[in-house]
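K.L.:
Following is a predicted model, sequence given first.
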Amino acid sequence: MFEIHMGIPEMDKFWSELTEKNHNSTATKDEIKLYKKLGKTFALIATNPKYPSLETHEIAALTKRYGMKVWQSYVENNTPAAGRVFWVYGPNQNDITIVGVEPHPNDSKTNAYSKITLSSMGDSVDNQ
């Protein structure tokens, strides 16, 4: 099992606000749907980051840009602009830090991942 952390400040803020809206019943239908999908995805990543339906794979362009291995896992598939979670191992052993949630970029375009900006992972992140 891995412990899931949120990148700072963007992912931590995003997840905290989404969680709060769901807990105090102020979330929209779309926010409720996203919260459930992300919760399921985070649970699968924590249990087994290589779980088949996650289709987890390294994103070389982001790995090169950020200087550490950046992984992408599916939140959903076969939908327009299907959601993707970007994550890294660390900051400690058995930790995974979620550093981004984005719609799937158009892979056929050169530099498809150039518009994706990731949250900070903290001081040290393992490069597994």
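P.N.:
In hand now; what should we look at?
K.L.:
The longest strand seen in the chain pairs with which strands, parallel or anti?
P.N.:
Looking across the chain with DSSP state E, the single longest strand is strand 95-103. In the sheet, strand 95-103 lines up against strand 3-6 (parallel), strand 83-89 (antiparallel) (DSSP bridges).
K.L.:
gap between it and the chain center?
P.N.:
2 Å (Cα atoms, centre = their mean, to the nearest Å).
K.L.:
Mind listing what's buried along that strand?
P.N.:
95, 96, 97, 98, 99, 100, 101, 102 (16 or more other Cβ atoms under 10 Å). To be clear about C-beta, it is placed using only N, CA and C from the backbone, and glycine gets the same treatment.
K.L.:
Look up the closest residue to the most centrally placed residue in the chain, ignoring the ones flanking it.
P.N.:
Here the mean C-alpha position of the chain is nearest to the C-alpha of residue 85 (Cα atoms, centre = their mean), at a distance of 2.6 Å. Closest residue to residue 85 apart from its sequence neighbours, by Cβ to Cβ, 6 or more residues apart in numbering: residue 73 at 4.9 Å.
K.L.:
for the helix or strand harbouring that neighbour, packing partners?
P.N.:
Take DSSP states H and E as the rule and residue 73 turns out to sit in strand 71-74. Other helices and strands packing on strand 71-74, by 3 or more Cβ pairs under 8 Å, 6 or more residues apart in numbering; DSSP states H and E, are helix 29-47, strand 57-58, strand 83-89.
K.L.:
looking at the ones you listed, which is buried most?
P.N.:
Sort those by mean neighbour count, taking mean count of other Cβ atoms under 10 Å, and strand 83-89 sits at the top with a mean of 23.
K.L.:
quick one: that one to helix 29-47, angle?
P.N.:
Relative orientation of strand 83-89 and helix 29-47, computed by axes from the mean of the first three to the mean of the last three Cα atoms, to 10 degrees: 30 degrees.
K.L.:
Thanks again, I'm all set now.
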